[in-house]
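**Q** When you get a sec, could you give me coordinates for this:
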Amino acid sequence: MTEIYFDQVRYSEEVLQIAYRDGSLESNKLIATVYGYRFNKDGCWFITSLQNNTNLIDFDVVKTKAARYLLDRNCGGFADAMLFKGNIEIGKELPQDDEIVELIRDLCDEIKAMHNVRCEIIVDIKSMEREIVRENNEVAREIKRVVEIELGLLKLHDITSQIVASNYTAIIPWTREHVVKTIDLIFRETIDKLTKYSRAHLLKPYQYGKANIILGSQAAAALIHEISHLLSADYYQYNQRLIGNTIASRDFNLYDSPHDYDSPTIKFFDDECVSTKKRTLIEDGIVRDLHHTRNTAAIHGSEPGSAYGLFQRPTPFHTTLVLKPGDWKEAEVISETKSGFYVDGVAIATLEKGYIRMIPEDSFIIENGELSEAIKIREVKIPLVNLRTINAVSRTVRTRVSREKEWIVAEKAPYIRLEAFIT
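**A** Residues are numbered from 1 along each chain as shown. Modelled structure (predicted):
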């Protein structure tokens with residue numbers, strides 16, 4: 001039986017970007033709207049769009065083109081789903097332009113006066129509207145306000161080298177005060193990073209190799225972000241073969257939480273208009289489900305609700321990925337580790353064949369249950385089989401926000417301890 005679906009999509013974005021770059025100020029505004037039609041036949045999409053023009057190509061013309069392009073095409077099916085209907089507004093009070101300008105200028109002037117550090121702060125104040133109108137005229141509409149904060153500090157370490165510390169986050173502006181406090185907090189965290197990097201020594205060659213590693217919340221969040229790629233139903237290297245297999249220790253429980261009010265990625269319907277809900281991905285170390293679109297859900301016999309992409313073929317990924325906390329105190333995880341390394345900030349993390357690779361920003365040697373000297377680790381390699389060596393999970397989680405392509409995604413993670421390889 002042929003399955004056919006079509007809808008009309010509108011996406012509007014108003015962005016004010018305020019940037020303070022080492023004494024120079026920039027204030028730029030973008031207002032844009034994109035309109036589109038989307039057709040799906042048996043899992044195959046035909047999508048067309050046009051920016052800033054309400055007179056989109058005649059619907060009948062588009063429908064005829066879609067029918068011609070999708071003729072005799074079958075991409076595996078299109079799963080039934082609970083579709084969202086209604087209006088959602090996320091975020092309330094946006095700060096005033098002048099308030100942000102004064103704040104970031106004062107912060108940069110403060111660090112420059114104290115440490116002669118070059119400073120750059122970029123604040124994007126966004127208001128976004130996403131609307132999907134289905135064939136039966138049911139409408140799903142979301143208005144969402146987000147503030148993104150990006151910060152970079154640069155200090156000359158000596159004549160031949162320089163130290164760079166950076167930070168990024170995004171928040172829902174529930175109150176004006178929340179935005180101001182977050183910018184100040186991110187600034188203080190970045191200064192702390194710069195101080196730690198200034199004191200770090202190079203890792204000695206004899207310290208290379210297999211070791212006990214404690215991943216702080218930020219590093220553990222980067223780790224589960226890469227595991228999330230593994231759990232995407234369109235990651236063809238592993239795909240459905242993972243379901244039912246044990247890939248981590250029993251302490252490892254991972255789920256997607258799209259209705260998390262503390263996260264900037266809160267979402268009540270995905271880009272296929274499917275109502276979102278909590279999705280258990282890994283339970284007691286066993287893979288239970290993957291991220292799915294309506295197409296991949298039809299192929300694998302699961303449920304959709306993880307789709308990203310309004311104007312391109314939707315792909316599955318997480319919103320707010322949560323690693324369930326354990327029973328350990330953070331200090332206890334360190335004190336119960338006789339020797340090893342502590343890693344928190346991560347510059348780069350990638351999923352590669354058979355392992356996850358990280359380039360740390362913030363690392364310490366652990367000796368006799370205490371953090372000793374700060375060191376520079378070139379890279380950490382965690383074979384996927386080593387997820388089974390996880391033997392400590394702390395009880396406190398913290399949020400990491402990052403970008404996946406053009407989408408904001410978030411992860412919440414505690415401290416974890418496992419075996420890895422360092423160089």
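**Q** When you work out contacts or count neighbours from here on, use the C-alpha atoms and nothing else.
**A** Will do.
**Q** ends of stretch 59-77, how far apart?
**A** One end of stretch 59-77 sits 24 Å from the other (CA to CA, to the nearest Å).
**Q** whoops, stretch 85-96 was the one
**A** First residue to last in stretch 85-96 (CA to CA) measures 33 Å.
**Q** ok, the closest residue to residue 80 other than its chain neighbours to residue 318 distance?
**A** Leaving out its chain neighbours, the residue that sits closest to residue 80 by CA to CA, 6 or more residues apart in numbering is residue 294, at 7.3 Å. Distance, residue 294 to residue 318, using CA to CA: 15 Å.
**Q** higher neighbour count, these two?
**A** residue 318 (28 against 24; other CA atoms under 10 Å).
**Q** In the stretch 101-250 of the chain, what residue spans correspond to strands?
**A** 118-134, 139-156, 162-171, 201-202, 209-215 (DSSP state E, counting those that start in this stretch).
**Q** So which of those strands is nearest residue 310?
**A** strand 118-134 (9.1 Å; CA to CA).
**Q** Please name every helix or strand in contact with that closest one.
**A** Using 3 or more CA pairs under 8 Å, 6 or more residues apart in numbering; DSSP states H and E, the elements in contact with strand 118-134 are strand 4-21, helix 97-115, strand 139-156.
**Q** By mean pLDDT, show me the worst of these.
**A** Sorting the helices and strands packed on strand 118-134 by mean pLDDT places helix 97-115 lowest, at a mean of 90.
**Q** which other residues reach stretch 392-399?
**A** 217-218, 221, 251, 263, 325-330, 333, 410-418 (CA atoms under 8 Å, 6 or more residues apart in numbering).
**Q** Equivalent analysis for stretch 182-190, please.
**A** Against stretch 182-190 from outside (CA under 8 Å, 6+ apart): 107, 149, 151-153, 165-168.
**Q** so where's the stretch 51-200 of the chain shaky on pLDDT?
**A** Applying pLDDT under 70 to the stretch 51-200 of the chain picks out residues 54-56, 157-160.
**Q** Out of the strands of the stretch 101-250 of the chain, which gets nearest to residue 347?
**A** In terms of CA to CA, the element of these nearest to residue 347 is strand 162-171, at 9.1 Å.
**Q** For that closest one, which residues meet the burial criterion?
**A** Buried residues in strand 162-171, defined by neighbour count with 16 or more other CA atoms under 10 Å: 163-171.
**Q** A strand includes residue 77, no?
**A** No: read with DSSP: H, G, I helix; E, B strand; the rest coil, residue 77 is coil and lies in no strand.
**Q** And for it, the neighbour number?
**A** Residue 77, neighbours per other CA under 10 Å, totals 21.
**Q** is it true that it touches residue 3?
**A** Yes: with contact defined as CA atoms under 8 Å, residue 77 counts as touching residue 3 (7.2 Å).
**Q** Find the residues that touch each one of those two.
**A** Here residue 77 and residue 3 have 41-42 as joint contacts, going by CA under 8 Å, 6+ apart.
**Q** Drop anything exposed from the contacts of stretch 392-399.
**A** For these, a burial check counting by 16+ other CA under 10 Å picks out 217-218, 221, 251, 263, 325-326, 328-330, 333, 410-418.
**Q** Let's see which of those end up in helices.
**A** Counting by DSSP state H, the part of the buried ones among the contacts of stretch 392-399 found in helices is 217-218, 221, 330, 333.
**Q** now for these, which pair is the farthest apart?
**A** 221 and 333 (16.8 Å).
**Q** Identify each of the strands in the stretch 301-423 of the chain and give its residue range.
**A** Using DSSP E, counting those that start in this stretch, strands in the stretch 301-423 of the chain cover 307-308, 315-316, 320-323, 339-343, 346-352, 355-360, 363-367, 370-376, 380-383, 392-393, 398-404, 407-413, 416-422.
**Q** Distance to residue 137 and mean pLDDT added to those, as a markdown table?
**A** Shown next, in a markdown table, are the strands of the stretch 301-423 of the chain (distance: least, CA to CA, whole Å; pLDDT from 0 to 100):
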| stretch | distance to residue 137 | mean pLDDT |
| --- | --- | --- |
| strand 307-308 | 21 | 98 |
| strand 315-316 | 25 | 96 |
| strand 320-323 | 30 | 98 |
| strand 339-343 | 51 | 96 |
| strand 346-352 | 42 | 94 |
| strand 355-360 | 45 | 96 |
| strand 363-367 | 55 | 95 |
| strand 370-376 | 58 | 92 |
| strand 380-383 | 49 | 98 |
| strand 392-393 | 48 | 98 |
| strand 398-404 | 32 | 95 |
| strand 407-413 | 27 | 97 |
| strand 416-422 | 48 | 97 |
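**Q** Tabulate the ones you listed (CSV), appending distance to residue 117.
**A** Formatted as CSV, the strands of the stretch 301-423 of the chain follow (distance: least, CA to CA, whole Å):
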stretch, distance to residue 117
strand 307-308, 39
strand 315-316, 41
strand 320-323, 34
strand 339-343, 25
strand 346-352, 20
strand 355-360, 22
strand 363-367, 22
strand 370-376, 21
strand 380-383, 29
strand 392-393, 37
strand 398-404, 25
strand 407-413, 29
strand 416-422, 31
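**Q** Identify whichever of those lies nearest to residue 285.
**A** strand 320-323 (11.3 Å).
**Q** Residues touching that closest one, excluding its own?
**A** By CA under 8 Å, 6+ apart, strand 320-323 touches 224-225, 252-258, 260, 263, 265-266, 409-414.
**Q** Nearest residue to residue 26 in space, please, no chain neighbours.
**A** residue 19 is the one closest to residue 26 (CA to CA, 6+ apart), at 5.0 Å.
**Q** Next: residue 145.
**A** Per CA to CA, 6+ apart, closest to residue 145 is residue 127, 4.5 Å.
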